[in-house]
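Below are the sequence and a predicted model; questions follow.
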Amino acid sequence: MAADNSNESVEYIKHHLTNLTYGKLPAGYERADGTVVQEASWTMAHTAQEATDMGFMAIHVDTMGWSIAMGLLFLGLFRFAASRVTEGVPTGLQNLVEVCFEFIQGLVRDVFHGKNPLIAPLALTIFVWIFLMNLLKLIPVDFIPGLAHAMGLEYFKIVPTTDPNATFGMSFGVFLLILFYSFKVKGVSGFSKELALNPFNHWIMIPFNLLLEILALIIKPISLALRLFGNMYAGEVVFILIALLPLWIQWTLNVPWAIFHILVIPLQAFIFTVLTVVYLSAAHEDH
Amino acid sequence: MNINLTLIGQSIAFAIFVWFCVKYVWPPITAAMEARQKKIADGLSAADRASLDLELAQEKATKELQKAKEEAAALIDQANKRAAQIVEASKEDARTEGEKLIEQARAEIQQERVQARDALRAEVATLAVAGAEKILETSVDAKAHSEMLDKLAAEL
């Protein structure tokens, strides 16, 4: 789908970076095709502008659909392996699953020094889920959106991790866990003390400490989410740009970039996982 | 790139996935892996024990063999000694027997000599008397001269 002029190119890129959005349009809203919405109603956005105007009361159907599909694929596969797990010599799928398990167990053993049965499965879920979601990126940029277009869906973005909602959704969950365990392990007073008396243990520095520590705390989920999103989004944009080139030259850039992403995909999943474990480990450390 | 309800939807999906993983995926697989680890560890330690046992058994066998050899050597030695003793003893027996026989023979000879001498002595007396009778032409009263004749015989 090589575009001929720059206007078309811009359209093409925008098109590929817009999610399939289902949301609520306010009453009196004039839609792209000129019709006016009589009363506030839930509908599919037809343009990027409409999607933006829906505000918070909207949902990215493609992001949700693909991420849940990948989550179900992960859980289904692993649950299937768990249902026929054997203590004897493992084969096929069980080998694969055990490799993942050992990898995560090793990681958690190295990084996490507390005792919490939630951490390892949490890390496993994060790692495999993000890995699978990132993996969708290796599907050529026009395949699935083209298919969706043929089915009458205007926009379709298949890589959930290129949607900040997905990455922030996860990091938000991690943030809640950080807070939960900070309060649970250190107690309200312990946690407050840690926020107020670090790094300068003097009462006069309490406001400064609080500012610094709370900032550091809030930065954690934001950096988690933005790192993953930024990497994936940038990669996706480059894929789209490459797709704008004439067809016969595309492979010279497309192939190396895809090969590079074989590294980036697990790496980003790994970084998200490691940092989650590190943050939760810090939340468990009582001074 | 709008932030919207998807954020919350994703958080909920994430929470459900984590919950499911914690509850239904993690425990059975880790349990199986731990069980296998234990099995392997047991197997390895059993193998270690077995090889140790084997080593001990080999050592014991070598010792037994050594002991048996020593015993056999001792037995052979003893037998040899015994045989030598027996040979020596029989030699000794034979010698004493021979000596005894020689002694016996000597005694017999002596006895016979004595007997012969006695017989001769007795005969000498009668011969002397007969001689004297011839010389004197008279009979000698044997009874009257027996004392003298006996003295003569004893001198022989």
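Great, that's in hand.

ok, for the residue of the stretch 151-287 of chain A at minimum distance from chain B, nearest residue in space, not its chain neighbours?
Going by CB to the nearest CB, chain B is nearest to A:Gly169 of the stretch 151-287 of chain A, at 2.5 Å. Backbone N, C-alpha and C define where each C-beta goes, glycine included. Distances taken as CB to CB, 6 or more residues apart in numbering or on different chains put B:Gln10 closest to A:Gly169, at 2.5 Å, once the chain neighbours are dropped.

where's the residue nearest the centre of chain A, which helix or strand?
Closest residue to the average C-alpha location of chain A: A:Thr167 at 2.9 Å, with CA atoms, centre = their mean. Secondary structure from DSSP states H and E places A:Thr167 in helix A:164-197.

Tell me the buried residues in that helix?
Residues of helix A:164-197 classed as buried by neighbour count (16 or more other CB atoms under 10 Å in any protein chain shown): A:164-175, A:177-178, A:181-182, A:186, A:191, A:194-197.

what's downstream of it, the next helix or strand?
Counting by DSSP H and E, the next helix or strand C-terminal to helix A:164-197 is helix A:206-244.

What's the mean pLDDT across that following helix?
Helix A:206-244 shows a mean pLDDT of 91.

which parts of stretch A:257-268 are buried?
By neighbour count on 16+ other CB under 10 Å, the buried set for stretch A:257-268 is A:258, A:261, A:264-265, A:268.

how close does the one residue in chain B that gets nearest to chain A sit to A:Ile271?
Closest residue of chain B to chain A, CB to the nearest CB: B:Gln10 (2.5 Å). Per CB to CB, to the nearest Å, B:Gln10 is found 19 Å from A:Ile271.

of the two, who's got more company?
Between B:Gln10 and A:Ile271, B:Gln10 has the larger neighbour count (other CB atoms under 10 Å in any protein chain shown), namely 28 against 15.

The stretch 151-287 of chain A against chain B: which residues are in contact?
Applying CB under 8 Å from any CB of the partner chain, we find that the stretch 151-287 of chain A lies next to chain B at A:160, A:163-166, A:168-170, A:172-173.

Hmm, B:Met33 and A:Gly88 touching each other?
No: shown here, A:Gly88 and B:Met33 do not form a contact pair, counting by CB atoms under 8 Å, at 11.8 Å.

and the residue nearest to A:Gln250 when sequence neighbours are not counted, what is it in contact with?
Excluding the flanking residues, the one nearest A:Gln250 by CB to CB, 6+ apart is A:Ile242, at 5.9 Å. Residues in contact with A:Ile242 (CB atoms under 8 Å, 6 or more residues apart in numbering or on different chains) are A:250, A:253-254, A:257.

Run through chain A and note the low-pLDDT ranges.
Within chain A, the stretches with pLDDT under 70 are A:1-5, A:287.

residues from chain B in reach of chain A?
Close to chain A, as judged by CB under 8 Å from any CB, chain B has residues B:1-11, B:13-15, B:17-18, B:20-22, B:24-26, B:28-30, B:32-33, B:35-36, B:39.

And for residue 124, the neighbour number?
With no chain named, the answer covers chain A. A:Leu124 has 27 nearby residues by other CB under 10 Å.

The intended chain is chain B.
Using other CB under 10 Å: B:Val124 sits among 17 other residues.

which secondary structure elements does the helix or strand harbouring it contact?
Here B:Val124, judged by DSSP H and E, is contained in helix B:26-136. Applying 3 or more CB pairs under 8 Å, 6 or more residues apart in numbering or on different chains; DSSP states H and E, one finds that helix B:26-136 contacts helix A:61-83, helix A:92-111, helix A:119-135, helix B:142-155.

Just tell me which of those ends up closest to A:Met151.
Checking the helices and strands packed on helix B:26-136 against A:Met151 by CB to CB gives helix A:61-83 as the closest, at 12.3 Å.

Only C-alpha atoms, please: export the closest one in CSV.
Presented in CSV, the C-alpha positions along helix A:61-83 are these (Å, rounded to 0.1, in the frame of the first residue of the first chain):
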residue,chain,number,x,y,z
VAL,A,61,-12.0,-2.4,20.9
ASP,A,62,-9.0,-3.6,19.0
THR,A,63,-6.6,-3.1,22.0
MET,A,64,-9.0,-4.8,24.3
GLY,A,65,-9.8,-7.6,21.9
TRP,A,66,-6.2,-8.4,21.0
SER,A,67,-4.8,-8.1,24.5
ILE,A,68,-7.5,-10.3,25.9
ALA,A,69,-7.0,-12.7,23.1
MET,A,70,-3.3,-12.8,23.8
GLY,A,71,-4.0,-13.2,27.6
LEU,A,72,-6.4,-16.0,26.9
LEU,A,73,-3.9,-17.6,24.5
PHE,A,74,-1.3,-17.4,27.3
LEU,A,75,-3.5,-18.8,30.0
GLY,A,76,-5.1,-21.3,27.8
LEU,A,77,-1.8,-22.7,26.7
PHE,A,78,-0.3,-22.7,30.1
ARG,A,79,-3.4,-24.1,31.7
PHE,A,80,-3.5,-26.8,29.1
ALA,A,81,0.1,-27.6,29.9
ALA,A,82,-0.7,-27.6,33.6
SER,A,83,-3.6,-29.9,33.2
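
Thought A:Ala234 was touching A:Val264, still the case?
No: counting by CB under 8 Å, A:Val264 stays clear of A:Ala234, with 9.8 Å between them.

which stretches of chain B have low pLDDT?
In chain B (pLDDT under 70), the answer is B:1, B:138-144, B:156.

what about A:Val89, how many residues close to it?
A:Val89 is flanked by 8 other residues according to other CB under 10 Å.

ugh, typo on my part, it should be A:Lys157
23.

show me the contacts for it.
A:16-20, A:60, A:62-63, A:145, A:163.

Would you mind giving these as TSV with neighbour count and distance to B:Thr62 added?
Formatted as TSV, the contacts of A:Lys157 follow (neighbours: other CB atoms under 10 Å in any protein chain shown; distance: CB to CB, whole Å):
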residue	neighbour count	distance to B:Thr62
A:His16	20	81
A:Leu17	17	81
A:Thr18	23	84
A:Asn19	26	81
A:Leu20	22	82
A:His60	30	79
A:Asp62	25	78
A:Thr63	28	76
A:Pro145	22	80
A:Asp163	29	76
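
Looking at those, which is nearest chain B?
Using CB to the nearest CB, A:His60 is the member of these that sits closest to chain B, with 4.3 Å.

what bridges to the closest one?
A:Thr21 (DSSP bridges).

And it, how close does it get to A:Trp66?
10 Å.

Over to A:Asp33?
Relative to A:Trp66, and taking CB to CB, A:Asp33 is found at 28 Å.

Who has more neighbours out of the two?
Counted by other CB under 10 Å, A:Asp33 and A:Trp66 do not tie: A:Trp66 has more neighbours, with 23 against 7.

need the contact list for the more buried one.
Counted by CB under 8 Å, 6+ apart, A:Trp66 has contacts A:133, A:136, A:158-160.

switch the cut-off to 10 Å
A:60, A:132-133, A:136, A:144, A:156-161, A:163, A:166 (CB atoms under 10 Å, 6 or more residues apart in numbering or on different chains).

Okay then, goodbye and thanks.
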